[in-house]
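# What follows is a predicted structure for the sequence shown.
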Amino acid sequence: MATIKRYPTASGERWEVRYRQPNGITSRKRGFTTKRAAEDWDANNKVSINSGSYVAPSKGRAKVGDLAPGWLERKKSTTEPSHSRMLESAWRVHVSPVWAGVPVSKVTTTGVKNWSAAMTGKGCSATTVLRALGVLAGILDDAVADGRVTKNRARGLDPKKREKPTKPKRKHIYLGHDEVARLADEAGEHRTLILVLAYCGIRWGEAVALRVRHCDEIRRRLLVIDNAVQLGVDHALGDPKDDEPREVPVPKFVLAELKKQMQGRGRDDLIFGDGENYLPRPKSTDGWFAGAVKRAKVETITPHSLRHTAASLSISAGANVLAVSRMLGHENPTVTLKTYADLFDADLDTVSAALDAARRKSVSKRGPKQVQTLPVNTG
């Protein structure tokens, strides 16, 4: 049975609720400005105790900064080095300065919304804000799992209400065959790499991690099992995205270029670069790739844009969604359809034309419709 009492303070009269926790320990909640507020809190507290959702105040006193190291270490052990490094950076730069000293029970939805808006107001990109929100939400997930809070206040923000930003959709740039050929010609010693990226659709890290033994010349396949992620000047070798090795088809003319590239190299040598060290990603403004783009007089693109080109060229050549999805290493064809929806607009015209042709064929088999003539009543 709870007891509600008033007590004096320098700021005026306040009310407190003394109650018994499920473990039998007597506790109190102070600071209510009215007796009615204290009674309302007591009623809600009884409901939480009876429903089993009660959280002891001592558990909620754990600070966000106390739980962060464990969460970050787990991510470091279970995700790619490049990803865990970004999470650690987001914690250090954006999350920790605001939330490290805050008890998990004191994190409010309004506080999280205000923090999100403040980051956006300071010019942080949508990607940066969403990553920071994800780090805070992940840490609070642990707090919920450990019974420190009953709800994660960093989850459920609505982008439609501008409670968190949305990533702007970037327009994909697709090169045609002639443009790819010009770009490859201008890339010099990296010619073969350009062709592999543009016609096989593998990611940069997957391409530079290819070794001679990963090229099956008989079946015309590339075995993508490694991904070399650049971390500063070093590289970390991990699995391909989604941890799924895959086989990628190689056109004959690209395979011919690969054979030249692999001449004189052993089975364990890297295909690209000097054969021993992973080829670093080119500088965005004055690197060899940017120079080749300018000389080839194609739209400004990045090496990753050639992955989009591979999807476009494959679809225009008649490849089905499932085949393109497998080539790109997407989790399922739905991802491919969503990512490259604009490439399938022409398929709607194909459906319409196919239905017209099917109907004409069906009608022609039936022959002309016989019209029945009724006798005229002259009476």
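Looks like it arrived, so ask away.
# Could you give the number of residues near residue 103?
Residues contacting residue 103 under the criterion other CB atoms under 10 Å number 17. From N, CA and C alone the C-beta is placed, and that goes for glycine too.
# so what's it bridging to?
Beta-bridge pairing of residue 103 under DSSP bridges involves residue 63.
# got the contact list for it?
60, 61, 62, 63, 64 (CB atoms under 8 Å, 6 or more residues apart in numbering).
# close enough to count as contact, the last one and residue 102?
Yes - using CB atoms under 8 Å as the test, residue 64 is close enough to residue 102 to be in contact (5.5 Å).
# Put together TSV for the contacts of residue 103, with distance to residue 364 on each row.
Shown next, in TSV, are the contacts of residue 103 (distance: CB to CB, whole Å):
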residue	distance to residue 364
60	77
61	81
62	78
63	78
64	73
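# Name the nearest of the residues you listed relative to residue 294.
Within these, proximity to residue 294 (CB to CB) peaks at residue 64, which comes in at 47.5 Å.
# Which residue, other than its chain neighbours, is closest to the closest one?
residue 99 (4.4 Å; CB to CB, 6 or more residues apart in numbering).
# In its sheet, which strands sit next to the longest strand that the chain contains, and in what direction?
Longest strand of the chain, by residue count under DSSP state E: strand 12-20. Using DSSP bridges, strand 12-20 pairs in its sheet with strand 3-9 (antiparallel), strand 26-32 (antiparallel).
# Can you give me the buried ones in the first one?
Using 16 or more other CB atoms under 10 Å as the test for burial, strand 3-9 gives residue 4.
# For it, what is the distance to the chain centroid?
52 Å (CA atoms, centre = their mean, to the nearest Å).
# before we move on, what about stretch 214-222?
The chain centroid and the centroid of stretch 214-222 are separated by 30 Å under CA atoms, centre = their mean.
# swap in stretch 283-297?
28 Å.
# re earlier: in TSV: the strands paired with strand 12-20, plus distance to residue 181 and mean pLDDT.
Shown next, in TSV, are the strands paired with strand 12-20 (distance: least, CB to CB, whole Å; pLDDT from 0 to 100):
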stretch	distance to residue 181	mean pLDDT
strand 3-9	80	90
strand 26-32	74	85
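# Show me the shaky parts of the stretch 101-250 of the chain.
Along the stretch 101-250 of the chain, the parts satisfying pLDDT under 70 run over 242-243.
# Now do the domain split for the protein, please.
By the record's domain assignment, the chain is partitioned as 3-54, 64-161, 177-341 (automatic domain parsing).
# I'd like the ones you listed as a markdown table, with distance to residue 355 appended.
A markdown table is the format used below for the domains of the chain (distance: least, CB to CB, whole Å):
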| stretch | distance to residue 355 |
| --- | --- |
| domain 3-54 | 57 |
| domain 64-161 | 37 |
| domain 177-341 | 19 |
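# how about the strands of the chain, start to end?
Using DSSP E, strands in the chain cover 3-9, 12-20, 26-32, 215-216, 221-224, 227-231, 234-238, 246-249.
# and those strands, which is most packed in?
strand 221-224 (a mean of 20; mean count of other CB atoms under 10 Å).
# Quick one: list the elements packing against it.
In terms of contacts (3 or more CB pairs under 8 Å, 6 or more residues apart in numbering; DSSP states H and E), strand 221-224 is packed against strand 215-216, strand 246-249.
# Let me know which of those strands is the nearest to residue 109.
Judging those by CB to CB, what sits closest to residue 109 is strand 246-249, at 41.5 Å.
# in its sheet, what does the closest one sit against?
Sheet partners assigned to strand 246-249 using DSSP bridges are listed as strand 221-224 (antiparallel).
# So what touches the strand it pairs with?
Here strand 221-224 makes contact (CB under 8 Å, 6+ apart) with 196, 200, 202, 206, 210, 214-216, 240, 245-250, 329.
# Pull up the gap between the closest residue to residue 72 other than its chain neighbours and residue 100, please.
Excluding its sequence neighbours, the residue lying closest to residue 72 (CB to CB, 6+ apart) is residue 88, at 5.8 Å. Note on residue 88: its distance to residue 100, by CB to CB, to the nearest Å, is 14 Å.
# what sits against the residue nearest to residue 64?
Per CB under 8 Å, 6+ apart, neighbours of residue 99: 64, 65, 107, 115, 136.
# Just those residues: which are in helices?
If you go by DSSP state H, these have 64, 65, 115, 136 in helices.
# If any of the residues you listed are buried, put those into a ChimeraX selection.
Applied in ChimeraX, the following selects the buried portion of the ones in helices among the contacts of residue 99 according to 16+ other CB under 10 Å:
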select :64,115,136
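# just the ones in helices among the contacts of residue 99 now: which is nearest residue 163?
When these are ranked by distance to residue 163 (CB to CB), residue 115 comes first, at 10.9 Å.
# Pull the number of nearby residues for the closest residue in space to that closest one that isn't next to it in sequence.
Setting aside the residues directly before and after it, residue 115 is nearest to residue 98 in space (CB to CB, 6+ apart), at 5.8 Å. As a burial measure, residue 98 scores 17 neighbours (other CB under 10 Å).
# rewinding a little: format the helices and strands packed on strand 221-224 as JSON lines; extra columns: distance to residue 187.
Formatted as JSON lines, these follow (distance: least, CB to CB, whole Å):
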{"stretch": "strand 215-216", "distance to residue 187": "20"}
{"stretch": "strand 246-249", "distance to residue 187": "20"}
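# Quick one: closest of these to residue 5.
Taking CB to CB, strand 246-249 is the member of the helices and strands packed on strand 221-224 nearest to residue 5, at 68.6 Å.
# who's in contact with the closest one?
By CB under 8 Å, 6+ apart, strand 246-249 touches 200-202, 216, 220-224, 240, 326-327, 329.
# again, only this time at 6 Å
Contact with strand 246-249 is made by 200, 202, 221, 222, 223, 224, 327, 329, as judged by CB atoms under 6 Å, 6 or more residues apart in numbering.
# Repeat that for stretch 255-264.
Outside stretch 255-264, the residues that touch it by CB under 6 Å, 6+ apart are 192, 195, 212, 215, 220, 271.
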